[in-house]
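Visitor: next come a sequence and a model predicted from it.
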Amino acid sequence: MVGRKSKYILTQWYLPLCLYSSSTSCTITYHNCPARNWPFPHQISDLQHLFQSHAYIITAGYSNNIFIASNLISLYSSFNKPNSSTRVFDSINTKDTFLWNSIIKSYFSNGRYSQAMEFYVKMRVSNTLPSQFTIPMVITTCAELHTLCYGRNIHGLASKLGLFAGNTAIGSSFVYMYSKCGQMDYACIIFDEISRRDVVAWTALIIGYVQNDESEKGLKCLHKMHKVGDSAEKPNFRTLQGGLQACVNMGALLEGKCLHGLILKSGIGLSQIVQSSLLSLYSKFGTPSEAHVSFCEVSNKDLISWTEIISVYSRFGFMDKCLVMFLEMQVSKIDPDEIVISCMILGFGNFMCVSKGKAFHGFIIRRNYVFDHMTRNALLAMYCKFGQLNIAEKLFNRGNLWASESWNMMVFGYGNVGLNAKCIEQFREMQHRGIEAESNCFTAVISSCSQLEETCVGRSLHCFATKSLIVDDLSIANSLIHMYGKFKNLAATWKIFCRMAKKDIVTWNTMMSSYIYNGQSSEALALFHKMTSQDLKANSATFVTALSACSHLASLENGERIHNYIKEQNFEINLSLCTALIHMYAKCGEIKKSREIFNSMKVNERDVISWNAMISGYGLHGDVESALEVFKQMEKADVLPNKLTFLAVLSACSHAGLVKEGKYLFGRMEKYSVRPTLKHYACMVDLLGRSGNLQEAEDLVLSMPMDPDGRIWGALLSACKIHNEIDMGIRVAKRAIGFDPTNDGYYMILSTMYSSIGRWEEAERVRGMMKERGVSKTTGWSSL
């Protein structure tokens, strides 16, 4: 959208100056022309009328009059007939500077810069010298053609002829030319040599800075121009357009608001160009309300204006407002293009408006809007974010199978929904076709390797990234650190971390997380302290990671130090940080502080994770009554408990021996549509077994919808041994061996039970069975 508006900034303000200069020469040079009183039509409404007038001039014998010929050239040019202008020009035998200016202007004003330059070259070949009116047109032509070499030659000629003296228009044209050709140093030198600068010269320099990515200098130049205060040097709407574009380029909203104030004071705010520039500024860096006010002030709303306001609402997630504006745009008889439609689609995808996004897709199909590559890619990205890869695949297969954007989106989409094997497979096909991978695509594949623990593929990706010289990309390097951390290869992780020339906060967080994942929480804390000593600004994820390290180490001292550091930095304590503090203090034995932080949170601000942290904290401290109390509060607050919630309360009941409460809670899982996992069953078996309800525990194990694991058999066997239920223990041990014949612990328990009741032969037979099956006793192992 910016390209649509900014590509003509340099030329829109300057061309009228050149045209005016050429036409003025008519009055000055031929004031005493004998044919000046010829009854030549002052207004010709159409081309047919012009042909008739031209024929009349020929029959009257005035076709060789330079003044009349010049007017004919100008008129044919106004009807976009420069070829007819050329025929008139060629019919004149004696050509002077004025006539050459007319023909150059004819092509110049119609944007045919190459032909204009050709006529200037012919003019010089004929030994006709350019005038003060020739130079601005020809130099602007050089600027449009980016022929810096020609421009410099003309610069030298103009200096020799002394045309610069007191002529602001010529100086301004050279400032414009050097700016357009990227030579801002030369543009500044020319500007400084202009004795009397007007608004055109200032505007040329300011817009030149903006177009050459030196927006800050452009704003400083505008400030200097405003301080001069001369009436001829006051900024006009083109100048302020350049200043506002500089603010947009720099993201300088405050400076843009200052310019807005100047615009209102000077009364230039009614200009359509200024209104559009203000809308562009507020739509990119302001609030939606500021952008809306600016939009309402635009008198003639074109497609660009509607695109700006729709894009700002889309960026902030106000999709209902987007739809309203989209429909209003159509009511205004303005048809949307692919950019507007893509803005809408991307907004639905970014803010997960699934039903509205699908409805809008159907709407644009019914209206037969053009499905170009931009719209198709936006739809593909939307469905990938929705996780609806079946629809995304259909769109992908219907499109251009060689489009790199589509392939990158599909790879990212597969990784985003957890289809990691498909993500890697799609990436391999992509590489086979020679399609270049983007950063997001590459990080998605690396993440998939981490999830699947595909060590070889991950290393291959690392090598590929190194060979492709993209390993220094921040997001890719961060992904590699995370991958090697998951692979438990801390040496490779640390090597990548140290080699990174530029590290962001994600880099430090990922490195700390890798240490914690590999059981080296002390190293993670050391890295955190190193980071803070370098005055790097930590974010919420940094503190959560550091507090997690304190929890693993049960280091209250470090945890309190980090908590105090958060307070000193006046860092806003959000939900995830509160939860991390609750968990840390609970793990470090300070359950009262955990409760204080928990109570400081508003009830409607707590999510299921913060409730779980408090419940598990009480369970860890053996305070089952408080854990159950918090669980009841959670239900009253209409927060749905999840699997971890029930695991925490069941574990607390198991340790406290509260059979009745444990059974009740286990039954409540069905109400909340939470399916019990092996861990939940293990808690219940342990609870029933510890309380002596062995038969009930065995029945529960046999009724499980999945195969019991070692924890469940171990809990039941342990209960049988504690309560001296040898017969049940033998029966359970045999079933356990049937489920897992390679577990040596079950054989040893069965053998021990036989021995305890004097059944030595059976005990020996069990040991013989171990040898036959190749099961050896693991040193120091116990299922109890």
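Guide: Sure, I can see it.

Visitor: Three-state assignment for residue 262, please.
Guide: Reduced to three states with DSSP: H, G, I helix; E, B strand; the rest coil, the structure at residue 262 is helix.

Visitor: that one touches residue 222, doesn't it?
Guide: No: Residue 262 is beyond contact range of residue 222, at 9.3 Å (criterion: CB atoms under 8 Å). Where you see a C-beta, it was placed from the backbone N, CA and C, and this is true even at glycine.

Visitor: more neighbours: these two, which one.
Guide: residue 222 (26 against 15; other CB atoms under 10 Å).

Visitor: quick one: residue 642 from residue 257, how far?
Guide: 47 Å (CB to CB, to the nearest Å).

Visitor: repeat that for residue 697.
Guide: Counting by CB to CB - residue 697 and residue 257 are separated by 72 Å.

Visitor: what about these two, which has more around it?
Guide: Neighbour count, other CB under 10 Å: between residue 697 and residue 257, residue 697 has more, with 26 against 16.

Visitor: look up how far residue 584 lies from the more buried one.
Guide: Taken as CB to CB, the span from residue 697 to residue 584 is 35 Å.

Visitor: residue 128 against residue 97, yeah?
Guide: Yes: using CB under 8 Å, residue 128 is in contact with residue 97, at 5.8 Å.

Visitor: which non-adjacent residue is nearest residue 603?
Guide: residue 637 (5.3 Å; CB to CB, 6 or more residues apart in numbering).

Visitor: what separates the one you found from residue 470, distance-wise?
Guide: In terms of CB to CB, residue 637 sits 48 Å off from residue 470.

Visitor: the more surrounded of these two?
Guide: residue 470 (17 against 11).

Visitor: and that one, helix, strand or coil?
Guide: Classified using three-state DSSP, residue 470 is coil.

Visitor: the residue nearest to it when sequence neighbours are not counted: how many residues sit nearby?
Guide: Excluding its sequence neighbours, the residue lying closest to residue 470 (CB to CB, 6+ apart) is residue 476, at 5.9 Å. Number of residues near residue 476 (other CB under 10 Å) recorded here: 21.

Visitor: likewise for residue 527?
Guide: Using other CB under 10 Å, residue 527 has 22 other residues around it.

Visitor: please enumerate the helices of the stretch 151-300 of the chain.
Guide: 168-180, 184-193, 199-211, 215-228, 237-250, 253-266, 272-285, 288-297 (DSSP state H, counting those that start in this stretch).

Visitor: got a markdown table for those, with distance to residue 348 and mean pLDDT too?
Guide: What follows is those, written out as a markdown table (distance: least, CB to CB, whole Å; pLDDT from 0 to 100):
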| stretch | distance to residue 348 | mean pLDDT |
| --- | --- | --- |
| helix 168-180 | 41 | 94 |
| helix 184-193 | 43 | 94 |
| helix 199-211 | 34 | 94 |
| helix 215-228 | 33 | 91 |
| helix 237-250 | 26 | 93 |
| helix 253-266 | 27 | 90 |
| helix 272-285 | 19 | 91 |
| helix 288-297 | 17 | 93 |
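
Visitor: pipe those helices into TSV and attach distance to residue 554 per row.
Guide: Listed next are those as TSV, based on distance: least, CB to CB, whole Å:
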stretch	distance to residue 554
helix 168-180	66
helix 184-193	62
helix 199-211	59
helix 215-228	52
helix 237-250	49
helix 253-266	48
helix 272-285	47
helix 288-297	48
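
Visitor: pretty sure residue 205 sits against residue 189.
Guide: No: taking CB under 8 Å as the definition, residue 205 is not a contact partner of residue 189, at 11.1 Å.

Visitor: okay, these two: which has more neighbours?
Guide: Higher neighbour count among residue 205 and residue 189: residue 205, with 31 against 13, using other CB under 10 Å.

Visitor: returning to that earlier point: from residue 485, how far out is the residue nearest to residue 470?
Guide: Distance from residue 476 to residue 485, counting by CB to CB: 15 Å.

Visitor: where's the residue nearest to residue 470, which helix or strand?
Guide: Assigned by DSSP states H and E, residue 476 belongs to helix 474-486.

Visitor: contacting residues around residue 647?
Guide: For residue 647, the contact set (CB atoms under 8 Å, 6 or more residues apart in numbering) comprises 677, 679-680, 683.

Visitor: three-state assignment of residue 638?
Guide: The three-state assignment at residue 638 reads coil, by three-state DSSP.

Visitor: now it: phi and psi?
Guide: phi 60, psi 30 (degrees, to the nearest 10).

Visitor: per-residue pLDDT, it?
Guide: For residue 638, the pLDDT comes out at 93.

Visitor: cool, residue 232 as well?
Guide: 66.

Visitor: same thing with residue 46?
Guide: So, for residue 46, pLDDT stands at 84.

Visitor: also residue 78?
Guide: 89.

Visitor: kindly report the same for the one 10 residues further on.
Guide: Looking at residue 88, its pLDDT reads 93.

Visitor: wait, it touches residue 69, no?
Guide: Yes: under the criterion of CB under 8 Å, residue 88 makes contact with residue 69 at 5.5 Å.

Visitor: you'd agree residue 543 is up against residue 579?
Guide: No: between residue 543 and residue 579 there is no contact under CB under 8 Å: 11.4 Å.

Visitor: distance check, residue 649 against residue 641.
Guide: Using CB to CB, we find residue 649 at a distance of 8 Å from residue 641.

Visitor: neighbour-wise, which of those two wins?
Guide: When residue 649 and residue 641 are compared on other CB under 10 Å, the one with more neighbours turns out to be residue 649, at 28 against 23.

Visitor: what helix or strand is that one located in?
Guide: helix 643-656.

Visitor: for the helix or strand just after that helix, C-alpha coordinates in PDB please.
Guide: Per DSSP H and E, the first helix or strand lying C-terminal to helix 643-656 is helix 659-671. The C-alpha coordinates for helix 659-671 follow below in PDB (Å, rounded to 0.1, in the frame of the first residue of the first chain):
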ATOM      1  CA  VAL A 659     -10.700 -42.800  50.800                       C
ATOM      2  CA  LYS A 660     -14.200 -41.300  50.700                       C
ATOM      3  CA  GLU A 661     -13.000 -38.000  49.400                       C
ATOM      4  CA  GLY A 662     -10.800 -39.700  46.800                       C
ATOM      5  CA  LYS A 663     -13.600 -41.800  45.500                       C
ATOM      6  CA  TYR A 664     -15.900 -38.800  45.300                       C
ATOM      7  CA  LEU A 665     -13.300 -36.800  43.300                       C
ATOM      8  CA  PHE A 666     -12.500 -39.700  41.000                       C
ATOM      9  CA  GLY A 667     -16.200 -39.900  40.200                       C
ATOM     10  CA  ARG A 668     -16.400 -36.100  39.600                       C
ATOM     11  CA  MET A 669     -14.000 -36.500  36.700                       C
ATOM     12  CA  GLU A 670     -16.800 -37.900  34.500                       C
ATOM     13  CA  LYS A 671     -18.900 -34.700  35.200                       C
END
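
Visitor: tell me the mean pLDDT over helix 659-671?
Guide: 95.

Visitor: so which elements touch it?
Guide: helix 624-636, helix 643-656, helix 678-690 (3 or more CB pairs under 8 Å, 6 or more residues apart in numbering; DSSP states H and E).

Visitor: the same query, at a cut-off of 7 Å, please.
Guide: helix 643-656, helix 678-690 (3 or more CB pairs under 7 Å, 6 or more residues apart in numbering; DSSP states H and E).

Visitor: please convert those helices to TSV, extending it with distance to residue 55.
Guide: Below are these laid out as TSV (distance: least, CB to CB, whole Å):
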stretch	distance to residue 55
helix 643-656	94
helix 678-690	100
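
Visitor: out of these, flag the one nearest residue 665.
Guide: Nearest of the helices and strands packed on helix 659-671 to residue 665, taken as CB to CB: helix 643-656 at 5.4 Å.

Visitor: tell me the angle the closest one makes with helix 678-690.
Guide: Taking axes from the mean of the first three to the mean of the last three CA atoms, to 10 degrees, one finds helix 643-656 and helix 678-690 inclined to each other by 20 degrees.

Visitor: ok so, going back, between the helices of the stretch 151-300 of the chain, which gets nearest to residue 568?
Guide: helix 253-266 (28.8 Å).
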